[in-house]
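*Asks:* test case, fold it:
(chains A, B and C)
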Amino acid sequence: MTTADVPLWAALPAALLLVCGGLLTLVGSLGLLRLDSFFARIHAPTMGGTLGAGCVLVASMLVSSALAQRLVIHELLITLFVLITAPVTTMMLMRAAIRRSRE
Amino acid sequence: MNALLPLAVNFALACFALSMLCALIRLLRGPAAQDRILALDTLYINGMLTILMLGIGLGSALYFDIALLIALFGFVGSTAMAKFLLRGEVIEP
Amino acid sequence: MKRPPLVPLLPVVLALVWLLLNDSLAPGHVLLAIAFALLATAAVRPLRPLPAWPRRLHVAVTLCWHVFLDIVRSNIGVGRVILGATKRQPTVGFVMIPLDLRDPHGLAMLSVIVTGTPGTVWSGLDPATNVLTLHVLDLQDEAAWVHTIKQRYERPLMEIFE
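*Replies:* Numbers count the residues shown, from 1 in each chain, chains lettered A, B, ... in the order given. You can find the predicted model right below:
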């Protein structure tokens, strides 16, 4: 079984989600270059971390379920983990940046 | 008809490679230390998504575990660096 | 008064994570998951002095749906700001929001929700006055942000955790 054997009902939404996720992540990372202060830049990668990763993980669930011909949902673990942990790093960076810009 | 999914996988792979390039430029240029940590954070998330994309493209379930491990260690690494910036040490007595 | 929830949350979540990680529902894995969950809960108990007692789970379901909608909406908003950044850099700014929520688990959830939504980052809470400092990417209308945070997120969290 390879990717070309995925039936259409899974391939169509998965392809759509992959394109959306890729574009969202690309725009988010582009924000790292285009915004000109750190306090503006810190908001940009959150885009790729939330909806971008979510789209890709749902697509991955669809494709692996179709390939294995049963429900495969262990990608949910990564989604939950990234959703919970990415804000922690962002908050710490924000507080560090506020402290360092005061000094 | 069935070329649709490989096409989308390749497109998303290109997107993630470009985003990793953006993060790399910010990592090398970044004026302050927090910019570099933010770029590293973006870099590991994009790397994890690239690995997942390879998993979809090659139809193999092995890549899932690698992506999970990258997410775990990336979080630990960037949190440790952010904590170091915040306090000057990682593990406080 | 606080009542214990209907199901002990931590062991159930741990067992589900174990089953998801192994991607199987075989009886052996179910047994291992239950044993692992009970052992880990017992081992972790001294580390968590404040057990979480969430209630009214139907409120949590609507809250999750609202958060999902807001993530989609603000993703589009932040994307437009980034793509329009050559013409106009966004006006970043801080908003001060006095909070009524005092439960530590509720505050932790609020911080994850606020930071997980693109465009806003939680940047500190004064423990004495309970005033939240929120950093906003494109600050146009301060009162609208205060209203959104208080009505949309804080009220359901107070219903769940207090």
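
*Asks:* the helices in chain A, which residues?
*Replies:* A:8-34, A:38-41, A:45-47, A:53-68, A:75-102 (DSSP state H).

*Asks:* C:Pro90 - that's part of a helix, no?
*Replies:* No: going by DSSP: H, G, I helix; E, B strand; the rest coil, the assignment for C:Pro90 is coil, not a helix.

*Asks:* list phi and psi for the nearest residue to it once chain neighbours are set aside.
*Replies:* Nearest in space to C:Pro90, with sequence neighbours left out and distances taken as Cβ to Cβ, 6 or more residues apart in numbering or on different chains, is C:Asp138 at 4.3 Å. All C-beta spots, glycine's among them, are computed from the backbone N, C-alpha and C. Note on C:Asp138: its backbone torsions stand at phi -120, psi 90 [degrees, to the nearest 10].

*Asks:* do the same with C:Val95
*Replies:* The phi/psi pair for C:Val95 (degrees, to the nearest 10) reads phi -120, psi 130.

*Asks:* residues near it, how many?
*Replies:* By other Cβ atoms under 10 Å in any protein chain shown, the residues close to C:Val95 number 19.

*Asks:* out of everything not next to it in sequence, what's closest to B:Ala14?
*Replies:* Closest residue to B:Ala14 in three dimensions, ignoring its sequence neighbours and counting by Cβ to Cβ, 6+ apart: A:Gly22, at 7.6 Å.

*Asks:* report the residue spans of the chain with pLDDT below the cut-off.
*Replies:* Answering for chain A, as no chain was given. Residues of chain A that meet the criterion pLDDT under 70 lie in A:1-4.

*Asks:* my question was about chain B
*Replies:* Using pLDDT under 70, chain B drops low at B:1, B:92-93.

*Asks:* and the helices in it?
*Replies:* Under DSSP H, chain B gives helices at B:4-29, B:33-58, B:62-87.

*Asks:* burial count for the closest residue in space to C:Gly106 that isn't next to it in sequence?
*Replies:* Nearest residue to C:Gly106, sequence neighbours excluded (Cβ to Cβ, 6+ apart): C:Phe161, at 3.8 Å. Using other Cβ under 10 Å, C:Phe161 has 23 other residues around it.

*Asks:* pretty sure C:Phe161 sits against C:Pro54.
*Replies:* Yes: at 6.1 Å, C:Phe161 and C:Pro54 qualify as touching, with contact defined as Cβ atoms under 8 Å.

*Asks:* mind listing the shared neighbours of the two?
*Replies:* Jointly contacting C:Phe161 and C:Pro54 under the rule Cβ atoms under 8 Å, 6 or more residues apart in numbering or on different chains are C:His105.

*Asks:* nearest residue to the middle of chain C?
*Replies:* With distances taken as Cα atoms, centre = their mean, the residue of chain C nearest its centroid is C:Met109 (2.9 Å).

*Asks:* many thanks, have a good one.
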